[in-house]
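Q: okay, structure incoming, though there's no sequence with it:
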């Protein structure tokens, strides 16, 4: 896997979000350097670095050139270069073409209980912004979380199109900069082990600059943990909606990514003490006391959680035949998804793209129908097929 990822970087300069030509406008989260670090530490096989080290530098350069912005701290007045997810994209993602088109084009929203809500119509420029945010969310690897939403109540109350309010490109994420800090430290140490002190000092300086920027812009002294920095607001994303639709309150946001600096060492020495760590992880301890075994992805229950609950619990009250939720309605007909000629030629398909699309659609419908009926009979053997009712 590492060798394959290194091939990607060698060819494209980064690890694409997937091994398809339509993923070449966005990256995976930059974890390759840490993968190499773990491999070398576990195997002591430093020969990999002969090829890997210049490619790891190349991937880091991609993030520096394409995903990094200069910020002036409103707290200290100092300038920092920190990174974000920001994909240049103005079309629906090919792998989610229909869903993205609906998100940007629908003028009504149908909730899970069947209620219809009117939503604003977007112009072409606004649609392009939505498509860019959707692709940036996919690049983050956290697609999709309420931590990216400007209006999370659309999801919580199920009254609007939630993903229209994505705002990733205005957010400097804690977890991304933590990973890049750890990557800079790892590359610095690789150079030191190979006797290149000049390169070691260079990457150590980059890491220290990032650490100082994170501490200045993201660390909250009152809550004693890190929060994403919002460039549009010039402030940390600290206060937001918490709870559930039945019990909404304004409070301090909680996401596990707030603790990544402590996991990856992207903290100043003043925070690297047992006393400080105990204070930092107090919110986690409190959550584990209330929910033994695990913590949630956030302290805001979104529509994603509610939908998953409906789908998971359905066999106890019926099945997809007996109790189907209101289907997603499409009131803006999407154009046919485009197909990459490179993929078609590579697979030696002789049929026209439109015919291939129809054949794939029919095959998918057939498979889904068989699976649908199998699950239906399994969850309720006594329930007759739809055709018999």
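A: Now that the structure is in, tell me what you want to look at. Computed from a prediction, not measured in an experiment: that's the story for all the values here.

Q: and residue 113, how far from residue 245?
A: 11 Å (CB to CB, to the nearest Å). For glycine as for every other residue, the C-beta is placed from the backbone atoms N, C-alpha and C.

Q: when those two are compared, which one has more neighbours?
A: Ranked by neighbour count (other CB atoms under 10 Å), residue 113 and residue 245 place residue 245 first, with 16 against 8.

Q: contacts only, for the more buried one.
A: Shown in contact with residue 245 (CB atoms under 8 Å, 6 or more residues apart in numbering): 156, 157, 158, 301, 306.

Q: now which of these would you call buried?
A: 156, 157, 158, 301, 306 (16 or more other CB atoms under 10 Å).

Q: just name the closest of those residues to residue 274, please.
A: Nearest to residue 274 among the buried ones among the contacts of residue 245, counting by CB to CB, is residue 301 at 33.4 Å.

Q: where do the strands sit along the stretch 1-150 of the chain?
A: Along the stretch 1-150 of the chain, the stretches classed as strands by DSSP state E, counting those that start in this stretch are 68-72, 79-83, 108-110, 116-118.

Q: and those: which comes nearest residue 188?
A: Closest among those, using CB to CB: strand 79-83, at 16.6 Å.

Q: what are the buried residues along that closest one?
A: Residues 80, 82, 83 are the ones in strand 79-83 that count as buried (16+ other CB under 10 Å).

Q: how about CSV for those residues, with pLDDT and distance to residue 279 added?
A: Shown next, in CSV, are those (pLDDT from 0 to 100; distance: CB to CB, whole Å):
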residue, pLDDT, distance to residue 279
80, 98, 25
82, 98, 25
83, 98, 27
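
Q: lowest-confidence helix or strand of this structure?
A: helix 341-346 (a mean of 33; mean pLDDT, DSSP states H and E).

Q: nearest spatial neighbour of residue 248, skipping sequence neighbours?
A: Leaving aside its sequence neighbours, residue 248 sits nearest to residue 241 (CB to CB, 6 or more residues apart in numbering; 5.7 Å).

Q: quick check: closest non-adjacent residue to residue 215.
A: In space, residue 215 is closest to residue 268, 5.6 Å off (CB to CB, 6+ apart).

Q: mind pulling up the pLDDT for that neighbour?
A: Listed pLDDT for residue 268 reads 97.

Q: same deal with residue 287?
A: At residue 287, pLDDT is 88.

Q: and the strands in the stretch 151-300 of the chain?
A: Counting by DSSP E, counting those that start in this stretch, the stretch 151-300 of the chain has strands at residues 171-172, 219-220, 225-226, 229-230, 235-236, 239-244, 247-252.

Q: just to revisit the earlier point, quick one, which of the strands of the stretch 1-150 of the chain gets closest to residue 197.
A: Closest among those, once you apply CB to CB, is strand 79-83, at 23.2 Å.

Q: about what we covered before: winner for burial among the strands of the stretch 151-300 of the chain?
A: Counting by mean count of other CB atoms under 10 Å, strand 225-226 has the highest mean neighbour count of those, with a mean of 27.

Q: hang on, isn't residue 75 packed against residue 216?
A: Yes. With contact defined as CB atoms under 8 Å, residue 75 reaches residue 216; the gap is 6.0 Å.

Q: more neighbours: those two, which one.
A: Taking neighbours as other CB under 10 Å, residue 75 and residue 216 compare with residue 216 leading, 18 against 12.

Q: quick one: that one and residue 265, what's the gap?
A: Distance, residue 216 to residue 265, using CB to CB: 17 Å.

Q: how about residue 44?
A: Distance from residue 44 to residue 265, counting by CB to CB: 22 Å.

Q: repeat that for residue 93.
A: From residue 93 over to residue 265 the distance is 34 Å, taken as CB to CB.

Q: neighbour count for those two, which is higher?
A: Neighbour count, other CB under 10 Å: between residue 93 and residue 265, residue 93 has more, with 22 against 13.

Q: excluding chain neighbours, what is closest to residue 152?
A: residue 146 (4.4 Å).

Q: need the contact list for the one you found.
A: When contacts are counted by CB under 8 Å, 6+ apart, residue 146 touches 152, 155, 156, 298, 300, 302.

Q: just the ones of those in helices?
A: If you go by DSSP state H, the contacts of residue 146 have 155, 156 in helices.

Q: who wins on neighbours among the contacts of residue 146?
A: Counting neighbours by other CB under 10 Å, residue 300 leads those with 27 neighbours.
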